[in-house]
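> fold the following for me, if possible:
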Amino acid sequence: MIKKITAENFKHYGRVIEYAGKPKSGRHSLFRIIMREPRESGWRIAYLLVRDKAIRRLEQHLHTYESFEPVKGRALLYLSATKDLRKIECFLLDKPVVLYKGIWHGVVTLGRESEIKITENARVRSSYWSVGTVLGGRR
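Alright, predicted model coming up:
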């Protein structure tokens, strides 16, 4: 018999990667750690529920690679290797990617919401760059 995977029937084997218990409505993106390795040098898996249609800042992590793996919906990924507005590029996030350490990044949804799986170091330090303009559409 083939079973449909649910959090309940899969819990003895692993974890379903989803944003469990997400609010039915809201305008802001939500981020939740799904699981992590307990050691400093370990990793964590998170789930990003993107509701932002526009952003005014990008973030950067100097000490970790970071994956963005689209699960549901359509999203745009804004990237820059330097703090130069003219160097910001926008990509349709239609396949899983891994960002190098130190890349400035931000995500917006093209619909009501998008869902993205993220894998990164267990401990993440973030820097933020206020780009002074709106990237993406309107809120």
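
> the longest strand anywhere in the chain pairs with which strands?
The strand spanning the most residues in the chain, taking DSSP state E as the definition, is strand 127-136. Each strand pairing with strand 127-136, determined using DSSP bridges, is listed with its direction: strand 54-60 (antiparallel).

> residues contacting the next helix or strand after the strand it pairs with, please?
Moving toward the C-terminus from strand 54-60, the first helix or strand encountered (DSSP states H and E) is strand 66-72. Around strand 66-72, the neighbours that count as contacts under CB atoms under 8 Å, 6 or more residues apart in numbering are 17-18, 47-48, 77, 93-99, 105, 107, 114-120. Any C-beta I mention is one placed from the backbone N, CA and C, and that applies to glycine too.

> again, only using 10 Å
The contact list for strand 66-72 (CB atoms under 10 Å, 6 or more residues apart in numbering) reads 17-19, 43, 45-50, 59-60, 75, 77, 91-101, 103, 105, 107, 111, 113-121, 124.

> quick one: stretch 6-18 to chain centroid distance?
If you compare the mean C-alpha spot of stretch 6-18 with that of the full chain, they lie 21 Å apart, counting by CA atoms, centre = their mean, to the nearest Å.

> could you report the neighbour count for the nearest residue to G111 once chain neighbours are set aside?
The spatial neighbour of G111 that comes closest, neighbours along the chain excluded (CB to CB, 6 or more residues apart in numbering), is G73 at 5.2 Å. G73 is surrounded by 17 other residues when neighbours are defined as other CB atoms under 10 Å.

> surely G73 meets S29?
No: with contact taken as CB atoms under 10 Å, G73 and S29 are classed as non-touching, separated by 11.7 Å.

> quickly list what's touching both of these two.
When contacts are counted by CB under 10 Å, 6+ apart, G73 and S29 are jointly contacted by 49-51, 109, 113-114, 116.
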